[in-house]
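Asker: show me how the following folds:
(chains A and B)
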There are 2 protein chains.
Amino acid sequence: MKLSQLGEKRIVEALARGLYASSSLSIPAGLDDAAAIRHKDSELVITSDIMFAPTHFPLMMPPEAIGRKVAVANLSDLAAMGAEPLALLVAFGLPPAMEFEFARRISSGIDSACREHGCSFAGGDTKKADILTLCGSALGVCSGEKEMLRRSNARPGDVLCVTGNLGDAYCGCQILLGKAKGEMDGKAKERLISAFTNPRARLKEGRALAKLRSGIAAMDITDGLFASALELMNASGCGFKFESKKLPFSAEAKKFAHLQQHASPVRLLEWGEDYELLVSLRKKDFGKAKKAVEAAGGKLVAIGETVKDKRIFLDDEPVDVHSYDAFLS
Amino acid sequence: MKLSQLGEKRIVEALARGLYASSSLSIPAGLDDAAAIRHKDSELVITSDIMFAPTHFPLMMPPEAIGRKVAVANLSDLAAMGAEPLALLVAFGLPPAMEFEFARRISSGIDSACREHGCSFAGGDTKKADILTLCGSALGVCSGEKEMLRRSNARPGDVLCVTGNLGDAYCGCQILLGKAKGEMDGKAKERLISAFTNPRARLKEGRALAKLRSGIAAMDITDGLFASALELMNASGCGFKFESKKLPFSAEAKKFAHLQQHASPVRLLEWGEDYELLVSLRKKDFGKAKKAVEAAGGKLVAIGETVKDKRIFLDDEPVDVHSYDAFLS
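Answerer: Numbering: from 1, shown residues only, chains lettered A, B, ... in the order given. Now for the predicted structure:
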């Protein structure tokens, strides 16, 4: 049987689960945004993300944004665990015909992401490749198991929150690809493009939530809000009810959705690329969590609630979530 | 300017050095087999290795050996630092047309390597790719800076040692590729092929040396003995004098070299693939180091000495080291 007949989920399960793990591996492969291994009184959080041109680096994407994307994707996994970032590695697969200046600009994008997020760049590897390939790995740390934000932590009755605007990055990507209909003003276009080319990992937000040690669930929504909720559902056994009027869309994203003739900006949620965190936390903790995230310079917006019924709802309608499968498509 | 005009060394320098590093990054990018970051009283050692088919996984290489290679290459970097392995991540880039059974066997090779080396497999990533791509990352730990084996630790007057036989893996690879001249008996062929398909990282040896805290230098010799000595030379400012009659070649490797009409098995050292450590340590420490490595189940063979003259010698002849450059070639 070919991998294209199996689909990503079953491939990952077959390849990654059940492999050798010592008793100190506190979060094994495939359960969360990252794995964790206990060392003394610390939880070392580790993750890896591999990306290929042109699939993950669309044409017209500036090289700085390519470097930034591989860094931020990995840092975002740490953020979703509530980990403090320690170091980032990047393994480069580079075509020999690539211009040196292009490669240098990728590296400068990695550098600026590391600098802004306070994460040391610690090297990696450089090999010749047929197509541009970047594999990042990040190491972070939490003080003990209770400080980690786990996908399985969601409970019915929780407040469901998100750390920032939804859909902007997807709009920016479409504009960059020249696929956007209609005319938007320059400033608005720029802001949407920047959401795609210049994303931030929600590390400060993740740390602020983790430090509360309140059994908070989180994961990043780069695969799309609903697709990510589906993962959270499978990990926690809970369902999620989003309230459409609470979903934070920027004025620019609303305008973009309108110009694309989408019935509602909610359509933007079918795609991903937003490095925001989807968070589920106890109602009684919402006030202090919001305050803690705001004190760290971020925001925490309530967008619905966690429910017993193991389905995803938008208002009172169940959502039929199509998560994209690269192997089946 | 294209990358192919620059060569690997200059590319790596331009891309990896001088990027953001916090003060806790005790070994930055590009200086050693791995980087290290201080966390409390531990040094967290991290490394990454990316590999592509068919360059790094020649045709005829069994899938278990492919998985094992990506695991062992990363574990070997930890071994060269003297680190205790904690966890391995592997990011898979898989062609959709690949047979599931082939992918499963790659994963089983990773599993057996993790199991034998006592290193937890902690997941990674799985993406669709045009060609088989595997990127491993490993995390290990040393108790403080003094416990790390550093390339820069070599000193004139040191004993130069290696942890095992030289050239076997290259012979095995050539046999597997059908490029070997002459006939060898089945058992001998099998032993050489196994050195290539079933390598071990010298983790126990590295740990035994590291625990002596005696300012020992080490690096792995997968790029070839002389090419690795050149790196050690650049890091330490010392030269190295190998004694040809002390170089440990197996009877099978000698036979192989003879059948290829090489004047001497020393020719085998132009290629790499041996996951042995090249070690430089104080003369007074050699006895206890040898004993410690043997107690850990390994061996430590003296093969020459570290000298002031910043060149590589074989007996009294300077060696003109051609290190392979994938970008220039």
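Asker: hang on, A:Phe121 packs against B:Ala21?
Answerer: Yes - taking Cβ atoms under 8 Å as the contact criterion, A:Phe121 and B:Ala21 are neighbours in contact, 6.4 Å apart. C-beta here means a position set from N, CA and C on the backbone, and glycine is covered the same way.
Asker: between those two, which contacts overlap?
Answerer: Overlap between the neighbourhoods of A:Phe121 and B:Ala21 consists of B:Ala29, taking contacts as Cβ atoms under 8 Å, 6 or more residues apart in numbering or on different chains.
Asker: identify the residues contacting the closest residue to chain B within the stretch 201-329 of chain A.
Answerer: Checking the stretch 201-329 of chain A residue by residue against chain B with Cβ to the nearest Cβ singles out A:Ala326 as nearest, at 4.1 Å. Contacts of A:Ala326 were listed using Cβ under 8 Å, 6+ apart, and they are A:Glu8, A:Thr55, B:Lys127, B:Lys128.
Asker: how's chain A carved up into domains?
Answerer: For chain A, the structural domains run A:3-146, A:149-318, going by automatic domain parsing.
Asker: which one of the ones you listed lies closest to B:Glu231?
Answerer: When these are compared by Cβ to Cβ, domain A:3-146 sits nearest B:Glu231, at 14.2 Å.
Asker: looking at the stretch 101-250 of chain A, which residue is nearest chain B?
Answerer: A:Gly123 (2.9 Å).
Asker: so that residue touches B:Ala29, yeah?
Answerer: Yes - proximity of A:Gly123 to B:Ala29 meets the contact threshold set by Cβ under 8 Å, at 2.9 Å.
Asker: from the chain's centroid, how far away is stretch A:317-329?
Answerer: Relative to the centre of its chain, stretch A:317-329 is centred 17 Å away, using Cα atoms, centre = their mean, to the nearest Å.
Asker: buried residues in it, which are they?
Answerer: Of the residues in stretch A:317-329, those buried by neighbour count under the rule 16 or more other Cβ atoms under 10 Å in any protein chain shown are A:Val319, A:Val321, A:Phe327.
Asker: ok, now stretch A:3-14?
Answerer: A:Leu3, A:Ser4, A:Leu6, A:Glu8, A:Ile11, A:Val12.
Asker: what is the mean pLDDT for stretch A:204-220?
Answerer: Summarised as a single mean, pLDDT over stretch A:204-220 is 98.
Asker: okay, buried residues for it please.
Answerer: By neighbour count, and taking 16+ other Cβ under 10 Å as the criterion, the buried residues in stretch A:204-220 are A:204-210, A:212, A:214-220.
Asker: tell me the two of those residues that are most distant?
Answerer: Taking Cβ to Cβ as the measure, the buried residues of stretch A:204-220 span a maximum distance of 20.2 Å, between A:Lys204 and A:Gly215.
Asker: for A:Tyr275, give me phi and psi.
Answerer: For A:Tyr275, the backbone dihedrals (degrees, to the nearest 10) come out as phi -90, psi 50.
Asker: which other helices and strands does the lowest-mean-pLDDT helix or strand in chain A contact?
Answerer: Every helix and strand in chain A was compared by mean pLDDT, DSSP states H and E; the lowest is helix A:8-16, with a mean of 89. Other helices and strands packing on helix A:8-16, by 3 or more Cβ pairs under 8 Å, 6 or more residues apart in numbering or on different chains; DSSP states H and E, are helix B:100-117, strand B:120-128.
Asker: again, only using 10 Å
Answerer: When contacts are defined as 3 or more Cβ pairs under 10 Å, 6 or more residues apart in numbering or on different chains; DSSP states H and E, helix A:8-16 sits against helix A:3-6, strand B:84-94, helix B:100-117, strand B:120-128.
Asker: what's the closest of those to B:Lys246?
Answerer: Set against B:Lys246 and scored by Cβ to Cβ, the helices and strands packed on helix A:8-16 come closest in helix B:100-117, at 28.2 Å.
Asker: run a quick neighbour tally on A:Ser194.
Answerer: Burial of A:Ser194, expressed as a neighbour count using other Cβ atoms under 10 Å in any protein chain shown, amounts to 14.
Asker: show me which residues of the stretch 201-329 of chain A sit near chain B.
Answerer: Those residues of the stretch 201-329 of chain A that sit near chain B, judged by Cβ under 10 Å from any Cβ of the partner chain, are A:Asp325, A:Ala326, A:Phe327, A:Leu328, A:Ser329.
Asker: sorry, back to before: from the contacts of A:Ala326, list the buried ones, please.
Answerer: Restricting the contacts of A:Ala326 to buried positions leaves A:Glu8, B:Lys127, B:Lys128, with burial counted as 16+ other Cβ under 10 Å.
Asker: Serialize the residues you listed to CSV and add fields for distance to B:Asp41.
Answerer: Formatted as CSV, the entries for the buried ones among the contacts of A:Ala326 read as follows, by distance: Cβ to Cβ, whole Å:
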residue, distance to B:Asp41
A:Glu8, 41
B:Lys127, 37
B:Lys128, 43
